[in-house]
Each structure stands twice: as structure tokens, then as C-alpha cells.
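In: Coordinates only, no sequence provided:
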């Protein structure tokens, strides 16, 4: 194995470079035609081998691989391979447990409290959502709160597990404090994402997967590197004032809630972030709000709180999927606004388009920089790099 100090330098370089790549991808309309294609099975193999190289338990590595590859397959590149080095670093440093299992410490017919035992977030999340699903099968609803967890990838991965059973699925997690509440000046809440996945007819589904801040920190970092101003509603300075200069937002300020300023409804995003925090940190008894460790810090365990809910629609009015499909298709068939050159979409449609594109091409397209730094990570861990498709 490569020495710890050398590995840290490699990881740091990968983080910085992949952040640039991710921000570029989410802030441009760059075509993926020239990107490298990697079969999803090969992506999973690479993730598993990287995690196994730092002695992650096999089944834990497999769950992480499914989560991260799903993110890229659905087009959420910020939470796929882009995050792999973070998980490797957390396991290798010992700040996240490489072995062990979550445990249920309290439960009723419809609820459960889980202790994740500081293992990988996707392991905790999968365990918790499976409990929620089983309880929904028995009672119509399952509600599970978990503490002692870690970064768990895309929230939708868990919510969609309920849809596979014909249920509504919800997933929430708290995160490191980056969001400045309305009228405040200090980052106190996280981006606190939430997801709702809902089944419809003919394998159609509604999949909402969103953060409760206006933008991710990475987008502001990109503007700082380009030395261009950021739009209103993205961030505030150390005084809590809306700021159009990226550096003060990054260094001493923070992210604004979804909606931006109070005048444009930012207090609603702040309220949603609080809701997620209540479902997660407060309900589960994990760290919460400003008590959570700083982003990308490994001086102490994350102890994130998460929440997973499954609901059987058959316990309510009959014809649920018919009505759901009707609502979705009504929105899709709306007359578009003047100047729009695409149809109206519902949550989950952009991801379906990306998955269809991957299926047609035979692999997930990755930016050349992603491939390059995947190769660097492979070298540092002494594993085989991802094989790309040719021609």
C-alpha cells in the first residue's frame, strides 16, 4: 500500500480536480459525445476493488458500488464516482468502520430506531429502508430513524427501493453545516436533501431528489476559480448579507436556503431544511445542525442522522397509480411557455432520459478528467483501472 501521507496528497489532488469537473458538468451544456463510456458493471467492479483495497467488507463495498453507480447512471455525477475517494479516505483513516452491522435499538409495529454503528452510509440506509418496507407490508407504513451514520450518496436510491415494492418511499439526511438560515449570518444547517419516490402505471414513477439549498457549494467554488460573480440567492458573506462575490461566501459566509432571500421565499427552503433536521438529527438522537462535523473533516466521526419511510398506497383510496399517472401526464402535456424548446417534465424524467442514453450507448459516459483521476486513484490503491468502451 502507498504511504498515508502520499495517499492524502493524491486524494487531495483528486478532490480538487474532480470538483472542477463536477462543477463544470453541472453549469454548462457540454455535450457528452466525446466522453468515455464505461459499462455500469465495470463501474461497480472498480468501486468494489477500490473499497476492498482498504479492507472494506465485501457486502458493504457492493452496496456502496450500487449506490454510486446508480447516481452516475441517473446523471447525478456529483454523487457517484466523484465521491469515491471520500469513502476510501474515510475507511482508510479509520474514521468510518470498515466492518460491523447496523442494529435496531428500539421498535414498534410501524417504527424503528437504528444505530448505524458508524459503518458506510449506504449500508445503514439500506438496512433502515428494508425495515421500513417490511413494516409497511405489515401495517401500511414504516418509519425508521437512524443515528451513527455517514454520507449516504443520493437520497433517491433509498426511496426508489420502496417503489420497487409498489410503495411510496421517502428518504432524508442531515449534513455538515453549510446553510445559513434566513436572517442569520452563520452556517448552521446542512444542504439536508430529501427524496420522495412514487409508483405510477407501466413502471413509470415520480422521483424527487433535492437539496434544501439553492445550489451546491461546488458551483460557487467554480465561479471563484473563474473569478466571475455569482447570482443573487446563492450565498451570503460573514455578515449574512447576500453576496455576489464567491470567495467571501466560501471562506467566511455560507449557502442560502432554497429560494434565496427572505423576499423571494428563502425562508421556505430554511423551513424545509429544519424539517429534514427534525426527522433526522432530532428524532434519531444523532448530531444535528451546527454540532455536525465540518464538511470533508475527519477529526471525529460524522454521526449523521437519517430517516426512511415507506407507505403502502393500497391502505388508502383505490386507484392510486391511475391518479398518479394522470397527474404526471397532465403536467407533461401542458403547453410550454414561449421560448421553451422542450416539453414540461416531472421529477424523474431527466434521469430517465439519461438512463435511456446510457442504455443506448452501452455504458455511462464520463468526462476524460473523471477517467484520468480514476486512473490516479487506481494507481494509489493498486487496483485495475476502469476499462472504457472503444469506438
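Out: Sure, I can see it. Being a predicted model, the structure only gives us computed values, none of them experimental.

In: From the centroid of this structure, which residue is nearest?
Out: Nearest to the geometric centre of the chain sits residue 154, at 2.8 Å (C-alpha atoms, centre = their mean).

In: What's the per-residue pLDDT of that one here?
Out: pLDDT for residue 154: 94.

In: so how far is residue 69 from it?
Out: In this view, residue 154 and residue 69 are 11 Å apart by C-beta to C-beta, to the nearest Å. (Glycine included, C-beta is placed from N, CA and C.)

In: Repeat that for residue 307.
Out: Distance, residue 307 to residue 69, using C-beta to C-beta: 24 Å.

In: Kindly report the same for residue 337.
Out: 35 Å.

In: quick one: which of the two has more around it?
Out: Per other C-beta atoms under 10 Å, whichever of residue 337 and residue 69 has more neighbours is residue 69, with 22 against 7.

In: Grab the nearest non-local neighbour of the more buried one.
Out: Nearest non-adjacent residue to residue 69, counting by C-beta to C-beta, 6 or more residues apart in numbering: residue 43, 4.6 Å away.

In: Looks to me like the one you found is in a helix.
Out: Yes - in this structure, residue 43 lies within a helix as judged by DSSP: H, G, I helix; E, B strand; the rest coil.

In: got a pLDDT number for it?
Out: 97.

In: That one: what's it in contact with?
Out: 65, 68-69, 72, 81, 364, 386 (C-beta atoms under 8 Å, 6 or more residues apart in numbering).

In: In helices, which of the residues you listed fall?
Out: Members of the contacts of residue 43 lying in helices (criterion: DSSP state H): 65, 68-69, 72.

In: Export those residues to a markdown table and append columns for pLDDT and distance to residue 254.
Out: Listed next are the ones in helices among the contacts of residue 43 as a markdown table, based on pLDDT from 0 to 100; distance: C-beta to C-beta, whole Å:
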| residue | pLDDT | distance to residue 254 |
| --- | --- | --- |
| 65 | 98 | 33 |
| 68 | 97 | 27 |
| 69 | 97 | 31 |
| 72 | 95 | 28 |
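
In: most neighbours, which of those?
Out: In terms of neighbour count, residue 68 stands highest of the ones in helices among the contacts of residue 43 at 27 neighbours, by other C-beta under 10 Å.

In: And the closest residue to that residue other than its chain neighbours, how close does it get to residue 70?
Out: With C-beta to C-beta, 6+ apart as the criterion, residue 68 has its nearest non-adjacent residue at 4.8 Å, and that residue is residue 80. Distance, residue 80 to residue 70, by C-beta to C-beta: 8 Å.

In: Which neighbours do the two have in common?
Out: Common contacts of residue 80 and residue 70 (C-beta under 8 Å, 6+ apart): none found.

In: what kind of secondary structure is the residue nearest to the centre of the chain in?
Out: Applying three-state DSSP: residue 154 is coil.

In: likewise residue 146?
Out: The three-state label for residue 146, taken from three-state DSSP, comes out as strand.

In: who's in contact with the nearest residue to it once chain neighbours are set aside?
Out: Using C-beta to C-beta, 6+ apart and skipping the chain neighbours, the partner closest in space to residue 146 is residue 114 (4.0 Å). Neighbour list for residue 114: 102-105, 124, 127-128, 131, 144-147, 284 [criterion: C-beta under 8 Å, 6+ apart].

In: Now residue 114, what are its backbone angles?
Out: With angles defined as degrees, to the nearest 10, residue 114 sits at phi -110, psi 140.

In: Just the buried ones from the contacts of residue 114, in PyMOL syntax?
Out: The following PyMOL command selects only the buried members of those, with burial defined by 16 or more other C-beta atoms under 10 Å:
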select buried, resi 102+124+127+128+131+144+145+146+147+284
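
In: domains of this structure?
Out: For the chain, automatic domain parsing gives the domain ranges 4-96+356-381, 103-214+262-315, 216-255.

In: Ok, which of those domains comes nearest residue 349?
Out: Nearest to residue 349 among the domains of the chain is domain 103-214+262-315 (9.1 Å), distances taken as C-beta to C-beta.

In: For the closest one, measure first residue to last.
Out: Here the two ends of domain 103-214+262-315 are set 29 Å apart, with distance taken as C-alpha to C-alpha, to the nearest Å.

In: Which positions in the helix or strand hosting residue 126 come out as buried?
Out: Assigned by DSSP states H and E, residue 126 belongs to helix 121-139. Neighbour-count burial for helix 121-139, with 16+ other C-beta under 10 Å as criterion, is recorded at 121-133, 135-136.

In: Stretch 55-70 too?
Out: Neighbour-count burial for stretch 55-70 flags 56-57, 60-70 (criterion: 16+ other C-beta under 10 Å).

In: Which two of those have the greatest separation?
Out: Maximum pairwise distance among the buried residues of stretch 55-70 (C-beta to C-beta): 19.9 Å, between 57 and 70.

In: what ranges do the strands span in the stretch 1-150 of the chain?
Out: Using DSSP state E, counting those that start in this stretch, the strands of the stretch 1-150 of the chain run over 36-38, 103-107, 111-115, 141-149.
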